[in-house]
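Peer 1: Structure, please.
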Amino acid sequence: MARSDRGPQLGRRGFLTGGAALAGGVVGFGVADRTATSSSADRAVLTDSRAVGDATEPFYGDRQAGVTTAPQAHAVFLAFDLSKKAHRENLTGVLRTWTHDAARLARGRSGLADLQPELAEHPARLTVTIGFGPNLLGKVGLGGRSPQWLRPLPAFPQIDRLEDRWSGGDLLLQICADDPLTVAHAARVLASGVRGVATQRWVQRGFRRAVGTDPSGRMSRASEFCPGAVLRPAR
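Peer 2: Numbering: from 1, shown residues only. Next up is the predicted model:
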């Protein structure tokens, strides 16, 4: 309440809080104090939400984003199979498109063929990790150049319950962010980049605790994801 040199002005709010103070001693002070605290909390929440939405993770580096990045709250994993007619140039085109669009999306910018660019404005620590299946290079005539490490990963009997319908694929996208809309939008943009070259084999979505829920930042074993063959995008 603003002060005046002419003395206190008894308005409606002053009457209500004043009456409460007369009736209950410090009750009026408690109401005013709670209002101020609530207003400050609202501003803090708004600031925090903007910080989460605007936060970014670097796309380029010594290894792909999403490999050693602190885990985000939401993720989607998409696997694709190359079409039988796909050739080396098609694969090169897909990887270039994915690299270009993923780098832009990670900075809060839309992909080249993005029909809803406004959905890219809040990257929320978006990361995109690209994986190769063991048969990918062979399908485009490069089987002889396949590195030794590009092999199927063995199952871990103590924790894995693998199912064929959620296994395999020639290309894998791991898309993670702290906002589910950011993840869904990035998945749609990147999936459109393989049309005519590959078809979706399977998709899995997951989530963990929301940002700020656990200040310690602890991650349970169930939240971990270990991709197989991953690539380092060239600048």
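Peer 1: Any chance of the backbone angles for Ile159?
Peer 2: Note on Ile159: its backbone torsions stand at phi -130, psi -20 [degrees, to the nearest 10].
Peer 1: What about it, how many residues nearby?
Peer 2: Ile159 is flanked by 9 other residues according to other Cβ atoms under 10 Å. Just so you know, the C-beta spots here come from the backbone N, C-alpha and C atoms, and that holds for glycine as well.
Peer 1: Tell me the spacing between it and Gly61.
Peer 2: 29 Å (Cβ to Cβ, to the nearest Å).
Peer 1: OK, contacts around Val189?
Peer 2: 101, 105, 110-111, 113-114, 120 (Cβ atoms under 8 Å, 6 or more residues apart in numbering).
Peer 1: which stretches of the chain have low pLDDT?
Peer 2: Within the chain, the set of residues satisfying pLDDT under 70 comprises 1-49, 215-235.
Peer 1: Spatially central residue for it, please.
Peer 2: Ala177 (1.0 Å; Cα atoms, centre = their mean).
Peer 1: looking at it, it is touching Leu126, isn't it?
Peer 2: Yes - between Ala177 and Leu126 there is a contact at 4.2 Å, judged by Cβ atoms under 8 Å.
Peer 1: Between the two, which contacts overlap?
Peer 2: With Cβ under 8 Å, 6+ apart as the test, Ala177 and Leu126 both reach 183, 186.
Peer 1: related to what we said a few turns ago, ok, now which ones touch the residue nearest to the centre of the chain?
Peer 2: Applying Cβ under 8 Å, 6+ apart, we find Ala177 in contact with 72-74, 123-127, 183, 186.
Peer 1: Pull out the buried members of the residues you listed.
Peer 2: 72-74, 123-127, 183, 186 (16 or more other Cβ atoms under 10 Å).
Peer 1: between these, which is closest to Val94?
Peer 2: If you rank the buried ones among the contacts of Ala177 by distance to Val94 using Cβ to Cβ, Ala186 comes first, at 15.5 Å.
Peer 1: could you list every residue that touches that closest one?
Peer 2: 102, 105, 120, 126, 128, 175, 177.
Peer 1: okay, those in a markdown table with secondary structure and distance to Ala155 next?
Peer 2: Shown next, in a markdown table, are the contacts of Ala186 (DSSP: H, G, I helix; E, B strand; the rest coil; distance: Cβ to Cβ, whole Å):
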| residue | secondary structure | distance to Ala155 |
| --- | --- | --- |
| Ala102 | helix | 29 |
| Leu105 | helix | 33 |
| Ala120 | helix | 37 |
| Leu126 | coil | 30 |
| Val128 | strand | 26 |
| Ile175 | strand | 24 |
| Ala177 | strand | 29 |
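Peer 1: Reformat those as a markdown table; add distance to Glu57.
Peer 2: Putting the contacts of Ala186 into a markdown table (distance: Cβ to Cβ, whole Å) gives the following:
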| residue | distance to Glu57 |
| --- | --- |
| Ala102 | 11 |
| Leu105 | 11 |
| Ala120 | 15 |
| Leu126 | 7 |
| Val128 | 10 |
| Ile175 | 12 |
| Ala177 | 9 |
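Peer 1: Show me the helices in the protein, by range?
Peer 2: 12-24, 27-54, 88-106, 136-139, 180-191 (DSSP state H).
Peer 1: Just list the residues touching Ala55, thanks.
Peer 2: 123-125, 178.
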